[in-house]
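[1] Please work out how this folds:
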Amino acid sequence: MAVVDTSRFYKGLKIEFGDEIWEVIEYHHSKIAQRSPVVKTKLRNVFSSSVQEKNFRSGETFKIPDMERKAMQFLYNDEIAYHFMDSESYEQYGLNKDQVGETARFLKEQQGVNIIFYKNEPMGVELPITVELEVIETQPGVRGNTVSAGTKPAKLETGTMISVPLFIEVGNLVKVDTRNGDYLERIRKK
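    Below you'll find the predicted structure:
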């Protein structure tokens, strides 16, 4: 069984802790004078969806649960669930909002993703590291505007808001890092 220590934490990591499986939502390494370093985390229980803040000693190790990943395609979402189709068997699965979590910000129809299964039960969505999404709403860039450090808010086709450079316009296709929601580059002009 694979093991990970606190120095390798990242958002979305699933760990075994207290006989349950938790997803790392946030983490922060901190060191207070003359004390050993601590990793402050916010964890979400993947089954009950409860959220808990927990501090761990730096270097503490955790088991990574034995999970299976299946390639699937995102079909659509409704009030009940997000619907996915297995790329090989064409079987369909519905995951609730808690199971999809923050990944919903970057899900668009027909997109390929991995669905994570634990003991044959779907428990989450794993996105590619980057996705390409169209900008559907943003203000025109104003030359000489240095107050916003050369960025402006933009709404993507999935409905999520990110910061983009001033030259980005409505209709541009942009590459976004799904781990933190950062703009990476413009793929295509409108």
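[2] Show me how this structure divides into domains.
    Residue ranges for the domains of the chain, per automatic domain parsing: 3-63, 68-126, 130-188.
[3] could I get the ones you listed as a markdown table with mean pLDDT and mean neighbour count?
    Placement of C-beta: from N, CA and C, glycine included. Listed next are these as a markdown table, based on pLDDT from 0 to 100; neighbours: other Cβ atoms under 10 Å:
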| stretch | mean pLDDT | mean neighbour count |
| --- | --- | --- |
| domain 3-63 | 86 | 14 |
| domain 68-126 | 90 | 16 |
| domain 130-188 | 86 | 15 |
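[4] What pairs with the helix or strand that Val176 is a member of, parallel or antiparallel?
    For Val176, the host element (DSSP states H and E) is strand 173-177. Next to strand 173-177 in the sheet, as set by DSSP bridges, lie strand 130-138 (antiparallel), strand 183-188 (antiparallel).
[5] For those, give me CSV that also has distance to Ala33.
    Listed next are these as CSV, based on distance: least, Cβ to Cβ, whole Å:
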stretch, distance to Ala33
strand 130-138, 39
strand 183-188, 37
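[6] about what we covered before: what would the strand holding Val176 look like as PDB? C-alpha coordinates only.
    Output of strand 173-177 as PDB, limited to C-alpha atoms (Å, rounded to 0.1, in the frame of the first residue of the first chain):
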ATOM      1  CA  LEU A 173     -10.100  29.900 -25.500                       C
ATOM      2  CA  VAL A 174      -7.900  29.800 -22.400                       C
ATOM      3  CA  LYS A 175      -5.900  27.000 -20.600                       C
ATOM      4  CA  VAL A 176      -6.600  26.800 -16.900                       C
ATOM      5  CA  ASP A 177      -4.800  24.900 -14.100                       C
END
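[7] hey, where'd the helices end up in this protein?
    97-100 (DSSP state H).
[8] From the centre of it, point out the most distant residue.
    In terms of distance from the mean C-alpha position of the chain, Gln34 ranks first, at 34.9 Å (Cα atoms, centre = their mean).
[9] can you give me phi and psi for that residue?
    phi 60, psi 20 (degrees, to the nearest 10).
[10] again, but for Leu166
    According to degrees, to the nearest 10, Leu166 has phi -60, psi -30.
[11] what sits against the residue nearest to the spatial centre of the chain?
    The centroid of the chain falls nearest to Thr103 when counting by Cα atoms, centre = their mean (4.3 Å). Going by Cβ atoms under 8 Å, 6 or more residues apart in numbering, Thr103 touches 12, 113, 124-127, 178.
[12] just Leu156 next, same as before
    Leu156 touches 133-136, 162, 174, 176, counting by Cβ under 8 Å, 6+ apart.
[13] Would you mind listing the outside residues contacting stretch 81-90?
    Contacts of stretch 81-90 (Cβ under 8 Å, 6+ apart): 70-77, 91-97, 99-100, 104, 107, 112-113, 115, 125.
[14] so how far is the first residue of that stretch from its last?
    Taking Cα to Cα, to the nearest Å, stretch 81-90 runs 18 Å from one end to the other.
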